[in-house]
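K.L.:
Predicted model and sequence below, questions to follow.
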Amino acid sequence: MFPERNGARKSLLRKSLLEIAINEREVIVDEVFGIKREELAEKLKLAAASRAEECISFLKDIISIPSPSGQEKAVAERIVAEMKKVGFDEAFTDRAGNAVGRFGNGYTHILCDAHIDTVTPDKTWKHDPYSPRLEDGVLYGLGACDDKGPLASLVYGVRLMRDLGLSGDYTVWVVGAVSEEIGEGFGVKSFLEETGVKPAYAVISEASSLVPKRGHKGRAMLEVVIEGRSVHASTPELGENPIYKAVPIIDAISKMGPTLRGDEFIGKGTIVVTRVDCPSPSLNTIPSECVLYLDRRLTLGEDQKTIIEEVKGLKAVSETPGVSVRLMGFEQPCYTGLTLKGEEFFPAWAIPEDHPLVAATVLSVEIAMGRKVTPDKWDFCTDGAFTMGVAAIPTIGFGPGDGKYAHSPDDQIEVRQVIEAASVFAILPGILASRQ
């Protein structure tokens, strides 16, 4: 079922962004595509315009299919059907339920990832989140921005490759990943483990306003468990109230910010208490424990041991008996029956500005969209925490849409950006393969 996967990561010839994006750009286009840059840009523009209606129709379809984490079966099947329709060489769902499509059978394997699950809409939505609305070039609906619009761009990037005959010595794997909203990277991790694919590069398609993203902070979830002694509230002197014990701990955590390490590009780590739980049989009972949930945003180089020990090292924690600190775990059942398991730890990552992957993406944007861009970073966490942060696969982020609309009742995406992103994805693999 799977072709030979000889696209293993190997040492790359480091060329500066300036060298590739300026001095070599004309040579690359001629060598890779056999035509002048201006001609390629025009062909891309015409081909993308001819597929725009088809692409947006597909996007509307997948927005209309509810796909909360663990319930992506219907949308995965719809995506696989579209992959087959537009010309992928094979398309299937894997054991985790990811929608997977392969195009090409060349040496350089390129993983293109966009998640297909969404958050659950809340009562603040003024319109049906599953009834997409197109108004003035903007498509509204749950998942439009996060992350079905970027997924549609990947699928139709392959459609444009097929239309324009842009095959090369590469294999493109488009993975519509499940359960990203629960655990970043665990869906695509399952795909790689099952298939044995060893990508030379990874492209994370999430909302980036068509600006390449070369890193982001990581995240972790910690639990601070404070033990007490449960008694009836009418005799508090007989018990030990863990809520009172929690007060100085919360105060100490709130003052940790200035002590956390930082990185010039990624930024400084953060820590915040996001929930306090006190299990109790009634409101007239002193609880037996108080649990603090901490959201910890990570900068480069921080690991599980470090972030746990820094909380344990707080005087309010170390001098209070009956306090434990641990990293949270999760178990996410997939619709296939497989359960994804892991720790709530997703590392920060960054790829150097002069990496060939960054240069190739900038050049692809310049050719397809006719403008220069300066790569920066995401403010949120993505599957890149696994591909680059854990698996060390050189990774870049790029996609249509503005991330400020993610997880909001205003979820939306400009259809123009969806089509432009597809054009970029159509030529990026060829340029990447030429850099191997």
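P.N.:
Okay, I see it.

K.L.:
Quick check, pLDDT for residue 35.
P.N.:
Reported pLDDT at residue 35 in the predicted model: 87.

K.L.:
quick one, what contacts it?
P.N.:
Neighbouring residues of residue 35 by CB atoms under 8 Å, 6 or more residues apart in numbering: 29, 43. C-beta: built from backbone N, CA, C; applies to glycine.

K.L.:
Can you report phi and psi for it?
P.N.:
Recorded main-chain torsions at residue 35 are phi -140, psi 160, according to degrees, to the nearest 10.

K.L.:
Tell me how far it lies from residue 134.
P.N.:
Applying CB to CB, to the nearest Å, one obtains 34 Å for the distance of residue 35 from residue 134.

K.L.:
swap in residue 46?
P.N.:
Distance of residue 46 to residue 134, computed by CB to CB: 22 Å.

K.L.:
cool, residue 390 as well?
P.N.:
In this view, residue 390 and residue 134 are 38 Å apart by CB to CB.

K.L.:
now residue 422
P.N.:
Between residue 422 and residue 134 the computed distance is 17 Å (CB to CB).

K.L.:
For stretch 109-118, list every residue counted as buried.
P.N.:
When neighbours are counted by 16 or more other CB atoms under 10 Å, the buried residues of stretch 109-118 are found to be 109, 110, 111, 112, 113, 114, 115, 116, 117, 118.

K.L.:
An error on my part: the question was meant for stretch 224-237.
P.N.:
Of all the residues in stretch 224-237, those buried under the rule 16+ other CB under 10 Å are 224, 226, 228, 230, 231.

K.L.:
Same list, these, but as CSV with distance to residue 171, secondary structure and pLDDT please.
P.N.:
Written out in CSV, the entries for those read as follows (distance: CB to CB, whole Å; DSSP: H, G, I helix; E, B strand; the rest coil; pLDDT from 0 to 100):
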residue, distance to residue 171, secondary structure, pLDDT
224, 46, strand, 98
226, 52, strand, 98
228, 57, coil, 97
230, 59, coil, 97
231, 65, coil, 97
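
K.L.:
Which of residue 422 and residue 134 has more residues huddled nearby?
P.N.:
Between residue 422 and residue 134, counted using other CB atoms under 10 Å, residue 422 has the larger neighbour count: 27 against 13.

K.L.:
I'd say the more buried one and residue 161 touch.
P.N.:
No - in this structure, residue 422 is not within contact of residue 161 by CB atoms under 8 Å, at 9.8 Å.

K.L.:
What's the local residue count around residue 322?
P.N.:
Around residue 322 there are 13 other residues, counting by other CB under 10 Å.

K.L.:
For it, give its distance to residue 110.
P.N.:
Distance of residue 322 to residue 110, computed by CB to CB: 51 Å.

K.L.:
thinking again about what came up before, okay, the buried residues of stretch 224-237 in JSON lines with distance to residue 122 next?
P.N.:
Shown next, in JSON lines, are those (distance: CB to CB, whole Å):
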{"residue": "224", "distance to residue 122": "28"}
{"residue": "226", "distance to residue 122": "30"}
{"residue": "228", "distance to residue 122": "33"}
{"residue": "230", "distance to residue 122": "34"}
{"residue": "231", "distance to residue 122": "38"}
